[in-house]
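Asker: next comes the sequence, and after it the predicted model I'd like to discuss.
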Amino acid sequence: MSGTGTADRTTEEGTGGLRRSLGFRDLVVYGLLFIAPMAPVGVYGTLDAKSHGAVALVYVVATVAMAFTAFSYAQMVRVVPQAGSVFAYARAGLGRQAGFVAGWMAMLDYLLIPAVAYLFSGIAMNSLVPEVSRWVWTALAVVLTTLLNLWGVRAAARVGFLVLAMEIVVLLVFVVSAVVVLARDGAGRGWLSPLSGDGTQGAFALSAVLGAVSVAVLSYLGFDAIASFAEEVTGGSEKVARAVLFCLALAGLLFVAQTYLVALLDPTASAEFAADPARQGSAFYDAVDSAVGTWLHDLVAVSKAVGAAFAALAGQAAAGRLLFAMGRDRRLPRVLARTDSGVPRVALLCAAVITLVAAVWAARRGDGMDHLVSVVDIGALTAFTLLHASVVGWFAVRRRGGPVIWWRHVLVPVAGAAITVAVIVEASGAAQVVGAVWLAAGLGVLVAQRGR
């Protein structure tokens, strides 16, 4: 350990290094691509029904809740600036076994979230070109974005910047159009109802909002992937810490703004969405279509199709870095730690194959999206809990980061862990079962490695 408290990274024979080529803007691009600026589009109806109409408040609370996790990431990336993100942090703060468990659980998230995004892209493209099956569109999206990732992290970031710019423009078009319609025709609901509820399911209920938050956090998963590029950023890990916090704050602002506006445009009561779940998935599009016009509906759909594919690109890149780091530490097959011109191509191809299989399998099933969405957040939330514990372990228990600042090194991470555990408890039973099975499999691998 150096005098600044930074954890050492052992470099073993045969392990290639990652190429440092990313700046602050590139990190923000990867983070926002993975999160997706219009992530609430697909879950607006579900959240509106669950929260009794207080959908914008759900995202306010979710942003504050995820801020604890972002703060812990910023703490650890400064002292453990390594690829692998939470795997490296838990390994440094809690020990090698805990590090493996954190990496193993994060793997479930990083491999399945891109599969969901690819499937969403395939479904959107199929709706525009129905002659081509959605599984073909899904597979095509995987192949194209994988080629970009294999080209290199810098090249992928440049193309991703153009896609992100397109998504931001479409979002701005929606905001301006919504404001014009609201100024001309008035709101379909009360002006404060997106923050206080529409009253159609009874009085305001905090429990309903918190239940919806457990779903809304899925929209934020991806900002943490920025930390996976810590060994590829120029100018030090401070840029990574700032990018993590900036992406979360910006995403929260965008999510609150768009859900507030669409809720005002939407005359459908939350009680109607609750009584007819089949309407929830298309609720955002339906509101835009009826209030503004089909042209904006189609524009948003195309933006989501392209944006989802590039969200998967960012997720696949993060998954590759996680597999690379775990292979370098010999927690996964050593071949995953190989690099070619600074690009972990073996790890990227492995992540791409797993994601391709999951995405195409889901695309060929009518209920494939439901199966994937129900389990993607458990791995991330478990890893986040271990992340918070690693902050306490590194700074307060091992005291390797200088003087202990109790609010920063104990209070915030403990509160963050309490939030992630509460969200896990609120998750669906199917998601909890899958998470438990995946954890048991990881513990089995850990026992086998210790025996060997």
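Answerer: Received, thanks.

Asker: rest of the way, CA atoms for contacts and neighbours
Answerer: Will do.

Asker: so where's the stretch 1-150 of the chain uncertain?
Answerer: 1-17 (pLDDT under 70).

Asker: avg pLDDT for the lengthiest helix in the chain?
Answerer: If you go by DSSP state H, the chain has its longest helix at helix 294-328. Helix 294-328 carries an average pLDDT of 82.

Asker: could you list every helix and strand in contact with that helix?
Answerer: helix 24-35, helix 86-94, helix 96-128, helix 134-151, helix 153-185, helix 283-291, helix 345-363 (3 or more Cα pairs under 8 Å, 6 or more residues apart in numbering; DSSP states H and E).

Asker: buried residues, the third one. List them.
Answerer: I take that to be helix 96-128. 96-127 (16 or more other Cα atoms under 10 Å).

Asker: cool, and the fifth one?
Answerer: The neighbour-count criterion (16+ other Cα under 10 Å) identifies 153-154, 156-157, 160-161, 163-164, 167-168, 170-171, 174-175, 177-179, 182 as the buried residues of helix 153-185.

Asker: and the residue most central in space within the chain, how far is that from Phe71?
Answerer: Centroid-nearest residue in the chain, with Cα atoms, centre = their mean: Leu221, separated by 1.9 Å. Using Cα to Cα, to the nearest Å, Leu221 is found at 15 Å from Phe71.

Asker: going on from the helix or strand Arg242 falls within, what's the next piece of helix or strand?
Answerer: Assessed by DSSP states H and E, Arg242 sits inside helix 238-265. Later in the chain than helix 238-265, the nearest helix or strand by DSSP H and E is helix 270-275.

Asker: just the buried positions in stretch 433-452, please.
Answerer: Applying 16+ other Cα under 10 Å to stretch 433-452 flags 434-435, 438-439, 442-443, 445-446 as buried.

Asker: what helices or strands is the helix holding Arg242 leaning on?
Answerer: helix 24-35, helix 55-79, helix 153-185, helix 193-196, helix 283-291.

Asker: okay if I get those helices as TSV plus distance to Arg365?
Answerer: Formatted as TSV, the helices and strands packed on helix 238-265 follow (distance: least, Cα to Cα, whole Å):
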stretch	distance to Arg365
helix 24-35	25
helix 55-79	30
helix 153-185	29
helix 193-196	35
helix 283-291	23
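
Asker: quick one: closest of these to Val360.
Answerer: Across those, the minimum distance to Val360, taken as Cα to Cα, is reached by helix 24-35, at 19.8 Å.

Asker: the closest one - contacts with which helices or strands?
Answerer: Taking 3+ Cα pairs under 8 Å, 6+ apart as the contact cut, helix 24-35 packs with helix 153-185, helix 238-265, helix 294-328.

Asker: helices or strands up against whatever helix or strand comes next after it?
Answerer: Counting by DSSP H and E, the element after helix 24-35 in chain order, helix or strand, is helix 44-50. Packing contacts for helix 44-50, counted by 3+ Cα pairs under 8 Å, 6+ apart, involve helix 55-79, helix 206-216, helix 270-275, helix 283-291.

Asker: pull out the buried positions in the longest one.
Answerer: When burial is assessed from 16+ other Cα under 10 Å, helix 55-79 yields the following buried residues: 55-63, 65-79.

Asker: try the last one
Answerer: Within helix 283-291, the residues that qualify as buried are 283-288, 291, counting by 16+ other Cα under 10 Å.

Asker: could you export those as a markdown table, including pLDDT?
Answerer: Below are those laid out as a markdown table (pLDDT from 0 to 100):
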| residue | pLDDT |
| --- | --- |
| Ala283 | 84 |
| Phe284 | 85 |
| Tyr285 | 82 |
| Asp286 | 84 |
| Ala287 | 86 |
| Val288 | 86 |
| Ala291 | 86 |
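
Asker: from those residues, which is closest to Leu323?
Answerer: Distances from Leu323 to the buried residues of helix 283-291, taken by Cα to Cα, are shortest for Phe284, at 36.2 Å.

Asker: quick check: closest non-adjacent residue to the closest one.
Answerer: Closest residue in space to Phe284, ignoring its immediate chain neighbours: Val41 at 5.7 Å, by Cα to Cα, 6 or more residues apart in numbering.

Asker: you'd agree the one you found is up against Gln280?
Answerer: No - here Val41 does not reach Gln280: they are 10.4 Å apart, not a contact under Cα atoms under 8 Å.

Asker: please list all residues in contact with the closest residue to Ala178 other than its chain neighbours.
Answerer: Ranked by Cα to Cα, 6+ apart and with sequence neighbours excluded, the top spatial neighbour of Ala178 is Leu261, at 6.5 Å. By Cα atoms under 8 Å, 6 or more residues apart in numbering, the contact set of Leu261 is 175, 178-179.

Asker: repeat that for Leu47.
Answerer: 53, 55, 58, 212, 215-216.

Asker: before we move on, what about Val209?
Answerer: Contacts of Val209 by Cα under 8 Å, 6+ apart are 50-52, 54-55, 57-58.

Asker: again, but for Phe71
Answerer: Leu245.

Asker: that one and Val233, how far apart?
Answerer: 19 Å.

Asker: what of Tyr59?
Answerer: 30 Å.

Asker: and if you look at Val357?
Answerer: For Val357 relative to Val233 (Cα to Cα), the value is 31 Å.

Asker: same deal with Gly190?
Answerer: For Gly190, the distance to Val233 - Cα to Cα - is 46 Å.

Asker: who's more crowded, the two?
Answerer: Val233 (22 against 16; other Cα atoms under 10 Å).

Asker: and that one, what does it touch?
Answerer: So Val233 contacts 20-24, 239-240 (Cα under 8 Å, 6+ apart).

Asker: highest neighbour count among the residues you listed?
Answerer: Top of the contacts of Val233 by neighbour count (other Cα under 10 Å): Val240, with 29 neighbours.

Asker: contacting residues around that one?
Answerer: Contacts of Val240 by Cα under 8 Å, 6+ apart are 24, 27, 74, 77, 226-227, 229-230, 233.

Asker: Pro130: how many residues sit nearby?
Answerer: For Pro130, using other Cα under 10 Å, the count is 11.

Asker: now the phi/psi pair for it, please.
Answerer: phi -70, psi -10 (degrees, to the nearest 10).

Asker: can you tell me the closest non-neighbouring residue to Val406?
Answerer: Val isn't right for residue 406; it's Trp. Nearest one to Trp406, counting by Cα to Cα, 6+ apart, is Ala396 at 7.9 Å.

Asker: what about that neighbour, which SS state?
Answerer: helix (DSSP: H, G, I helix; E, B strand; the rest coil).

Asker: quick one: it from Ser341, how far?
Answerer: Ala396 is 39 Å from Ser341, by Cα to Cα.
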